[in-house]
Structure formats: C-alpha cells, structure tokens
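Chemist: Have a look at this prediction, sequence included:
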Amino acid sequence: MLAAALRKELLLQWRSRGQMMAVFVFGATALLLFSFAIGPNAEMLRTFSSGFLWLGLLLSSTLTLAESFHGEMENRALEGLLLLPSDPRALYYGKAIANWLQLTLLGCALVPVMVILYDAGTLQLLKLLAIIMLGAAGLSAPGTLYAAMTSQVKAKQMLLPLLLFPLIVPALLASVKATSLVILGDPMDQSKAWITLLAAFDLIYWSLCGLLFGRVVED
Amino acid sequence: MNRTSNAPYAVLALGVALLLFGSFHGLAVAPAETYMGEVQRIMYVHVPTAWNWMLAVLWAFACAVAFLFTSNMKWDSRMEAGLEVGVLLAFLLCCQGSIWAKPTWGVWWDWDPRLTSVAVLLAASLGIMALRSFVDDPMRRAVWSAVATIIASVDLPIVYYSVKWWNSLHQEQSTPQTVDSVYHLPLRVNAFGVLFVMIGFIWLRTRVAALKLRQETAIPHTYEEAGELA
C-alpha cells in the first residue's frame, strides 16, 4: 500500500512537472531578492548564502506542501482513499516521502543558483546532498501533516506557514549551520553535531506525525 | 461541575492578594541587588511568570494527550484555556524580559535558548489558535488542535537545546540555591500569586469555552432560532 501511495504521488508530481518548474523559479527569484536585502557586498552574501538557500527552500516548500493534499479535496477523493482497507499511515508516508523527494530535488536545483549569485561554492557535494536530504525530510514530515489539516480549511494559504514555520526552527537552524560550515569551511568539525541534531529532529517527527496522522483525517 | 460556582473568582482573588503582598515586599522591603540595582526587582514577577508559563504549556500538552485518548470535549475546552493563558504568559514574559534586558544587557532581545523557545512557542500557539478559529466542526477542531499542540510541545526541548548550542548570553536560571535568602520571600509569594491567577484564568476560560461549545452544538429550539443560524 505504501508503494502504491508513493507511486501515485510521484506520478501526479511527474504529470504536473510544469508546476515544479514554477516553484523552482519562485525559489530562484527569492534567492535573487535576498541579495538586494544585503546589497552588492560579495563577502557578506557569501557568509549568509546558506541561510538564504534554506529560506528560499522553506518559502518554496509552502507552495509544494500545500499542493500535496489539494487534489484530494476534489470529488471527496480523500474519503475514497480512507475507505480503502489499509492503514491511513501508508497514505501519509506515501505523501511525505513524495514531498521529501520533491523538496530534495528543489534544494539541489537551488544550489547552483546560490553558487552563482553568492559565489558560495563547495566541493563536498555528497555532504551537501546529505544535509539537503535531511533538512528536506525535516520540512516534509510536519509539513505533510499540517497540509492535511489546512487543505480542508478556508484560509489554507495563510495557515500552513503559520503552523509550520515556528515548528521547524530547530531543523532550519541545524540545516543552515551545517550548510554554512560546508561552504565556509569547518576547522573544528562542528558540522557533525548539527547533522546529528537534524537527524534526531527527522526521526522524532517522522514517527510522531505518522502516529498522529490517523486522527487528523478520521471523521 | 457547577458552572456558576464562585470558586475560580476566589482563586483569582487569592492570587491577586499574594501578588500584591509579594510585589510590595519585593519593591519596598527586599534590598536592591548589588550589581543590577533597582532594575533587578523585575525578577519578582519575571521568574514566577516563567515558571508558570511552563506549567501552562505542560497543562495544554496534558489536555491534548487526554483529549486524543478520551475524545471527551471537556479536555478540548481545558486545552483551549491552557493555550490562551499560555500565550498571555509568554507575551508577558517577552515584555518583562525586554524591560529587564535593555538596562542590563544593553539590548531588547537576545538569541538565548530560553527567550527563543518562548518566542517560538508563542508563535506556534498563535498558529494553533488561528487554526481553531478557522475550523467550524467542533470535533475536527478539537482533534486538529490537540495534534498541533502535541507536535508544538515536543518541539520545545528541541528548540531549547538547538539554540543553546547556537548562542547564549542569558544568566543561569535562578533557583533558591543561587539567590540569597532575603530575596526568597517575595519570589516565592509571587510564584504562588501568579500560579493562582493562572489557575483562576484557566478555570474561567475553560468555562467560557465549554459554554461556547454548548451553544455551537445545541439544537435550535424554535423556528426563529433556526432561521438565525441559517
């Protein structure tokens, strides 16, 4: 069932890939705008580059996460899915994994934009990829759960960031710190501690949100 | 429970009386602190507010868990009260902290683990209250806000420790062991004062929430009432 749910989500995402492109353009534009907040100071832009990357990804994530339950609201599709003789958690994890992959892809796509705009390159690409994957997982687990709630409410565009942003503060902090250590150099080898924190955050929320999802969609 | 009993008012009055006594003691009787001077007297309200804010958060979390296990709407009303009083205390905490921080640290705000945790949870609680106001179905509202409350409460220790690693300037927590005994009396009296005021507020707010819920779920008795609802 999990595989089927994941396959359905990925297929939906693939078929609406134009939307993904639009979200990428949104994120890249956000990165462009952040540089105007600092001014043409190359040194400062490089220092803040990882923060900008994650803020850009966070802002874009509200668009993609909200989308993940949008389709289920038409023709009461969610009710139909819940009537299937399987655990609603499979539906949650299917959506959360799909969102995670989408956000990881988006994060990787935004990295070259960051490198070009802020001159913030690195050769530790695998480490950077691991941080993006862990950070994206931290966004997608609670994000998918909150999207399930807010998609059924009138003010969905406003409520999702309102609920999600305070919650992911530790994940954002750890991702920004780890990324900036990768980009600016890490003489004290501190990045391990931040990656561990990020992994702990992911572990807690991937299990807790899956546990609670059944209650969120019940009628 | 008797919905019109005066018990919460009595608790509130006791809390106010204790606060008046403790604050008088703190302002007029206890000596000024050597390094910070008169400014330090804000501790007599700041520290009790902080302790009780944590209790309010714990209460809201406990109510949320109790609601998910029992599905009894009583716990939803209690959680709503705990959340709102928690928001009030967190807001007071930020204001008092800023007033204290400006003359002693030279800044209004600092990215200290405790400050940041309070601010993050304040934002999260406001988000949950916004969610509550947008959901019309009482059962759904109760379940969703209980889930959101649990998720936000679990976040609190993670925020605390992550910010602690990140940066710190706040003085060590005050406990009776780190504070000289002349400062104990007003601090303890005020702690109980804020506690009783908080209990009174939560009690009354629970009552309001329960009444609102009853009004929401009541079957309209007359044709006119039904028309009003439609």
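Modeler: Yes, it's here. Residues are numbered from 1 along each chain as shown, chains lettered A, B, ... in the order given.
Chemist: So which bits of the helix or strand bottoming out on mean pLDDT in chain A are buried?
Modeler: Sorting the helices and strands of chain A by mean pLDDT, DSSP states H and E puts helix A:77-83 at the bottom, at a mean of 83. Buried positions in helix A:77-83, judged by neighbour count with 16 or more other Cβ atoms under 10 Å in any protein chain shown: A:78, A:81, A:82. Every C-beta, even on glycine, is put in place using the N, C-alpha and C of the backbone.
Chemist: Now render the residues you listed as JSON lines, adding distance to residue A:203.
Modeler: Output for those, formatted as JSON lines (distance: Cβ to Cβ, whole Å):
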{"residue": "A:78", "distance to residue A:203": "27"}
{"residue": "A:81", "distance to residue A:203": "27"}
{"residue": "A:82", "distance to residue A:203": "27"}
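Chemist: Mind telling me what element residue 9 is part of?
Modeler: Here I'm looking at chain A. helix A:2-15 (DSSP states H and E).
Chemist: Let me rephrase: I mean chain B.
Modeler: Going by DSSP H and E, residue B:9 is part of helix B:7-24.
Chemist: Summarise which helices and strands whichever helix or strand comes after that helix is packed against.
Modeler: Downstream of helix B:7-24, the next assigned helix or strand under DSSP H and E is helix B:43-70. The contact analysis (3 or more Cβ pairs under 8 Å, 6 or more residues apart in numbering or on different chains; DSSP states H and E) places helix B:43-70 against helix B:7-24, helix B:73-105, helix B:113-134, helix B:138-166, helix B:184-217.
Chemist: Quick one: residues contacting the residue sitting nearest the centre point of chain B.
Modeler: Among the residues of chain B, residue B:86 comes closest to the average C-alpha position under Cα atoms, centre = their mean, at 2.4 Å. Neighbouring residues of residue B:86 by Cβ atoms under 8 Å, 6 or more residues apart in numbering or on different chains: B:53, B:56, B:57, B:59, B:60, B:121, B:125.
Chemist: mind listing what the residue nearest to the last one when sequence neighbours are not counted touches?
Modeler: Spelled out, that is residue B:125. Using Cβ to Cβ, 6 or more residues apart in numbering or on different chains and skipping the chain neighbours, the partner closest in space to residue B:125 is residue B:87 (4.9 Å). Applying Cβ under 8 Å, 6+ apart, we find residue B:87 in contact with B:122, B:125, B:126, B:129.
Chemist: Now do stretch A:92-105: everything it contacts.
Modeler: Counting by Cβ under 8 Å, 6+ apart, A:2, A:4-6, A:8-10, A:13, A:20, A:57, A:61, A:64-65, A:68-69, A:132-133, A:136-137, A:139-141, A:143-145, A:148, A:206, A:209-210, A:213 sit against stretch A:92-105.
Chemist: mind listing the helices for chain A?
Modeler: A:2-15, A:17-38, A:42-70, A:77-83, A:88-118, A:125-150, A:156-167, A:169-184, A:191-217 (DSSP state H).
Chemist: Residue A:113 versus the closest residue to residue B:8 other than its chain neighbours, what's the distance?
Modeler: Excluding the flanking residues, the one nearest residue B:8 by Cβ to Cβ, 6+ apart is residue B:203, at 3.8 Å. Distance of residue B:203 to residue A:113, given as Cβ to Cβ, to the nearest Å: 54 Å.
Chemist: Residue A:9 and residue A:68 touch, don't they?
Modeler: Yes - contact criterion Cβ atoms under 8 Å: residue A:9 and residue A:68 qualify, at 7.2 Å.
Chemist: Around chain A, which positions in chain B sit nearby?
Modeler: B:68, B:116, B:120-121, B:123-124, B:126-128, B:130-131, B:134-135, B:140, B:143-144, B:146-148, B:150-152, B:154-155, B:158-159, B:161-163, B:165-166 (Cβ under 8 Å from any Cβ of the partner chain).
Chemist: Kindly recompute the last result at 7 Å.
Modeler: B:68, B:120, B:123-124, B:127, B:130-131, B:134-135, B:143-144, B:147-148, B:150-152, B:154-155, B:158-159, B:162, B:165-166 (Cβ under 7 Å from any Cβ of the partner chain).
Chemist: you'd agree residue A:122 is up against residue A:184?
Modeler: No - using Cβ atoms under 7 Å, residue A:122 makes no contact with residue A:184, being 8.9 Å away.
Chemist: residues touching the nearest residue to residue A:143 once chain neighbours are set aside, list them.
Modeler: Closest residue to residue A:143 apart from its sequence neighbours, by Cβ to Cβ, 6+ apart: residue A:65 at 4.1 Å. Residues near residue A:65 by Cβ atoms under 7 Å, 6 or more residues apart in numbering or on different chains: A:99, A:143, A:144, A:147, A:160.
Chemist: Any chance of those residues in a markdown table with distance to residue A:200 and pLDDT as columns?
Modeler: Output for those, formatted as a markdown table (distance: Cβ to Cβ, whole Å; pLDDT from 0 to 100):
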| residue | distance to residue A:200 | pLDDT |
| --- | --- | --- |
| A:99 | 20 | 94 |
| A:143 | 18 | 94 |
| A:144 | 19 | 93 |
| A:147 | 23 | 92 |
| A:160 | 24 | 92 |
